Each structure stands twice: as C-alpha cells, then as structure tokens.
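need the 3D shape of this:
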Amino acid sequence: MAGGTQPPGPDDAETFVRALYEDAAGPLFGYVLRLTGDRARAEEVVQETLVRAWRRAEHLDATSDTLRAWLFTTARHLVTDLWRRDAARPSTVADERALAAAPAADELDRAVERWTVADALARLTPEHRAVLVETYYEGRSVAQAAQRLGVPPGTVKSRTYYALRALRLVLEEMGVAQ
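Numbers count the residues shown, from 1 in each chain. You can find the predicted model right below:
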C-alpha cells in the first residue's frame with residue numbers, strides 16, 4: 001500500500017493485514033517468544049501488533065522494507081509495556097512446582113499449633129513438662145518414662161494427669177483452649 005491520499009477501504013485494509021500476517025507473523029512470533037518466554041503472551045503481542053498495523057494501514061507502505069522494522073519495533077514496545085506492567089504489580093505464582101512447594105494451609109496451621117504448644121509447655125513446671133515430653137512426644141510407655149525420669153510408674157501417671165490439667169489452664173490463659 002503506497003502512502004496514497006485516500007485511506008484504504010475495509011477490504012483493502014483486510015487484504016493488507018492478511019498479506020502482512022502471511023509474510024511476517026511467523027518471524028514476529030518467534031522474535032516475541034524469545035523476548036517473553038511465554039507462548040500465550042507472544043501470541044497476544046503479535047495479535048496486538050497486527051491490530052495496530054491494521055489501524056495504521058493507510059500510513060504504512062506494504063512495499064517498503066521499513067514495514068517489517070515497524071512491526072518488530074512495535075512488538076518490542078508492547079513487550080516492554082508488559083514488563084513494566086508486571087513490575088508494577090505484585091508477582092503471582094503461576095508455576096505448579098512453586099505452588100506445590102509452598103506450604104499448605106494445613107502445614108501452616110500445624111506449625112502455629114506446635115509453636116503454641118511449645119510456648120505452653122515452657123510455662124509448666126520442669127517435672128510436668130518432662131513427663132508430657134516423655135509420654136506424648138517421645139511416645140514412651142508409663143514404665144519407660146518412669147525408668148528414664150527415675151521415678152515410680154505411679155508418679156508418672158499422677159504427674160501426667162496434673163500436667164495435662166496444668167497445660168489446659170495455660171492454654172486457656174493464652175486464649176487457645178476453652
């Protein structure tokens with residue numbers, strides 16, 4: 001399309017863009033794909049570049065070598081705009097591996113529970129804390145806990161009972177238990 005005085009009609013602009021697409025869309029897509037690294041974004045940029053060419057069809061010379069340069073420059077500007085837009089927004093996680101590596105809400109809840117229980121245990125007497133650690137966290141039987149703590153099995157049982165009551169009171173004071 002030589003830069004004539006009359007703007008192209010709808011058929012002329014459509015013919016222009018079709019020819020442009022057949023001639024330049026492949027190399028333009030490859031160029032934009034290398035810039036973005038994302039097929040969907042590359043397709044989006046190529047589409048927008050061709051729309052802009054269609055809008056400016058009366059000003060662009062289809063026979064000129066500068067047309068391809070205009071297309072690639074326009075595509076580069078669109079990619080730069082995408083980069084700037086992305087930099088201005090908080091990043092989102094789109095990678096499935098990154099999402100899988102992120103701790104789940106259940107894991108976070110368990111971590112908070114562990115910290116809360118550890119804080120509550122720290123507020124107990126050393127004897128109560130020791131018996132709960134032996135029986136609940138270490139998974140030892142009453143006899144094994146008695147042997148490790150150097151006390152009779154009956155003492156382990158009664159300390160466990162009172163330690164659980166004390167732990168419940170501490171958790172209530174912390175606003176965790178009711």
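
give the contact list for the residue lying closest to residue 125 once chain neighbours are set aside.
Leaving aside its chain neighbours, residue 125 sits nearest to residue 166 (7.5 Å; criterion: Cβ to Cβ, 6 or more residues apart in numbering). All C-beta atoms are positioned from the backbone trio N, CA, C, and that covers glycine. Residues counted as contacts of residue 166 (Cβ atoms under 8 Å, 6 or more residues apart in numbering) are 124-125, 128.

count the neighbours of residue 26 for me.
Using other Cβ atoms under 10 Å, residue 26 has 11 other residues around it.

can you tell me the SS state at it?
With DSSP: H, G, I helix; E, B strand; the rest coil as the basis, residue 26 sits in helix.

one step back: buried ones in the strand or helix carrying the residue nearest to residue 125?
Applying DSSP states H and E as the criterion places residue 166 in helix 153-173. Neighbour counts over helix 153-173 (16 or more other Cβ atoms under 10 Å) mark 155-156, 159-160, 163, 166-167, 170-171 as buried.

can you pull the contacts of residue 129?
Here residue 129 is in contact with 121-122, 163 (Cβ under 8 Å, 6+ apart).

let's see 10 Å
With contact set as Cβ atoms under 10 Å, 6 or more residues apart in numbering, residue 129 has these partners: 120-123, 163, 166-167.

could you do residue 138 as well?
Taking Cβ under 10 Å, 6+ apart as the criterion, residue 138 is in contact with 132, 144-145, 148.

make a ChimeraX selection of whichever of those turn out to be buried.
Only the buried entries of these go into this ChimeraX selection, using 16+ other Cβ under 10 Å:
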select :132,145
